[in-house]
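Enquirer: Need coordinates for the following:
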Amino acid sequence: MSKSAAEFEKNLEAHNTSIEGLVWYDLSVHGDARGWFKENWQREKMLSLGLPDFGPVQNNISYNAKAGVTRGLHAEPWDKYVSLANGRIFGAWRDIRENSPTFGQSFTLEMDPSHAIFVPRGVANGFQALEDNTVYTYLVNDHWSAEPAKDSYSFINVADPTNNIDWPVSLDEAELSEKDKNHPNFDSAVVIPPKKVLITGANGQLGRAFQALYPDADCVDRDTLDISDYTALLPARRWRDYGLILNAAAYTNVDGAETDEGRRDAWAANATAASNLARIATIYNLTLVHISSDYVFDGRETVHSEEEALSPLSVYGASKAAGDIAVSTVPKHYIARTTWLIGDGNNFVKTMQTLASRDIKPSVVDDQIGRLTFTPTLASAVKHLIDNEAPFGTYNVTNDGEPASWAQIAATIFEQSGKSPKDVTPVTTAAYYAGKDGIAPRPLQSTMALDKLKSTSYRPSDWQIELAMYLQRKELS
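Expert: The predicted structure is shown next:
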């Protein structure tokens, strides 16, 4: 080592670069006449400096016997945390990520054991040893594959003049592998695409709303991927290629869940499937979005906060609560707790509009209170949380506005459909279901507090405004 241990002494500090997400660090190295010691990777300290919690699974070491050994530029489908155990390098990187704001940018840095650098997936990485016996080590969050997807790995020729890299040792004198000598120039290299998005329950009302915001997502439903079967999940996807799972799959037949068959189906879809996705997301360091329900509460509180204890009344509610518990264990998760979902397809609004058009005067419960949630609102709120990197956790997501009963909402639909709101007869939940078997208990209070969601700068629209727009679209279609 050309430097004394004392010359490495510095404080742990992070430094941004000209490439987005490529961050280098000063490390604290402590030494004496015997040698030196450093904390090469300390998760909590690195996270406090803004390093992503990238979940390393493998540590690799590259020994370079002679100064002038040059490797790269390699872009792989994983993140790297690079450091040195001995010697010095001249490191070089170039952004080859599709849609990156710094696409094509290069950065160089001379490194010794007092430095480390985080290299995001898709940033091409290379280096040149500046001393004999240089030991280059790196943590990665995926395992090397002998059969990678065609767009998972990319390479740039180190001699490409557009790299704007001034190698300390002339490449004519440097030692390179034959493979590295023959890599394509930047303009012919494979561009690394962003990590993929998976939408489960993609053909449902919410799934279709997610598809509108994530048009390039992979979409599955119960027929194409049984997420309640964990053994079917593992070979179904190269999960490291994904960054986000939007779980819109659910069993929603509240009364059907009270039957023997429905009970099994509800638990499989709402609890087991959520638990399986939670395991996948945890293992592969994915962000998991899961949709919850007001039915996880007993409805005793007038307004429900995210911190309220789970207290489901029904089988459906219990299965949703179990799914929430499973998903809450995932390091990177969002639970979006919603109410009274309205989208394209069969729903309460469409039913009331049809009854109004047929001059049928319904009885509608008047003691269940809440707000409608339109699928575009729910989907856009979820995307807002993801795009703005809101703190992980549970968020209530509904439309805003004055809470109302189902009967009041029905009366509004009748009035906007040109009928008298008095055509709707308000009744209690008990009276409405009197004499009917197999009816699940319902929470009477379903209004969700929206303060936490609004603290992220998202402002859900008033449900009455959304309802009027929804009805107008249906009339025009």
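Enquirer: Could you find the closest non-adjacent residue to Ala468?
Expert: Gln416 (6.3 Å; C-beta to C-beta, 6 or more residues apart in numbering). C-beta here means a position set from N, CA and C on the backbone, and glycine is covered the same way.
Enquirer: Tell me if I'm right that that neighbour and Ile465 touch.
Expert: No: if you go by C-beta atoms under 8 Å, Gln416 and Ile465 don't touch, sitting 11.8 Å apart.
Enquirer: higher neighbour count, those two?
Expert: Gln416 (18 against 13; other C-beta atoms under 10 Å).
Enquirer: State the pLDDT value of the residue nearest to Ala468.
Expert: Gln416 is assigned a pLDDT of 94 by the prediction.
Enquirer: And it, its phi and psi?
Expert: Torsion angles at Gln416 (phi, psi; degrees, to the nearest 10) stand at phi -70, psi -10.
Enquirer: how about it, what does it touch?
Expert: Leu467, Ala468, Leu471 (C-beta atoms under 8 Å, 6 or more residues apart in numbering).
Enquirer: Tell me the spacing between it and Asp400.
Expert: Separation of Gln416 from Asp400 (C-beta to C-beta, to the nearest Å): 19 Å.
Enquirer: same check, this time on Pro331
Expert: The gap separating Pro331 from Asp400 is 30 Å, by C-beta to C-beta.
Enquirer: same thing with Tyr136?
Expert: In terms of C-beta to C-beta, Tyr136 sits 54 Å off from Asp400.
Enquirer: Which one of those two is surrounded by more residues?
Expert: Under the neighbour definition other C-beta under 10 Å, Tyr136 and Asp400 were set side by side, and Tyr136 has more, 22 against 17.
Enquirer: Setting aside sequence neighbours, what's the nearest residue to that one?
Expert: Ser62 (4.3 Å).
Enquirer: still on that earlier bit, let's see which of the contacts of Gln416 end up in helices.
Expert: Leu467, Ala468, Leu471 (DSSP state H).
Enquirer: The closest residue to Pro443 other than its chain neighbours: what's it in contact with?
Expert: In space, and not counting its chain neighbours, Pro443 is closest to Gly299: 2.7 Å by C-beta to C-beta, 6+ apart. Applying C-beta under 8 Å, 6+ apart, one finds that Gly299 lies in contact with Leu313, Gln368, Arg442, Pro443, Leu444, Gln445, Ser446.
Enquirer: Can you pull the poorly scored residue ranges out of the protein?
Expert: 1-10, 145-151, 474-477 (pLDDT under 70).
Enquirer: And it, split by domain according to the record?
Expert: Per the record, the chain has its domains at 5-188, 196-476, by automatic domain parsing.
Enquirer: which one of these is the most hemmed in?
Expert: Highest mean neighbour count among those (mean count of other C-beta atoms under 10 Å): domain 196-476, with a mean of 19.
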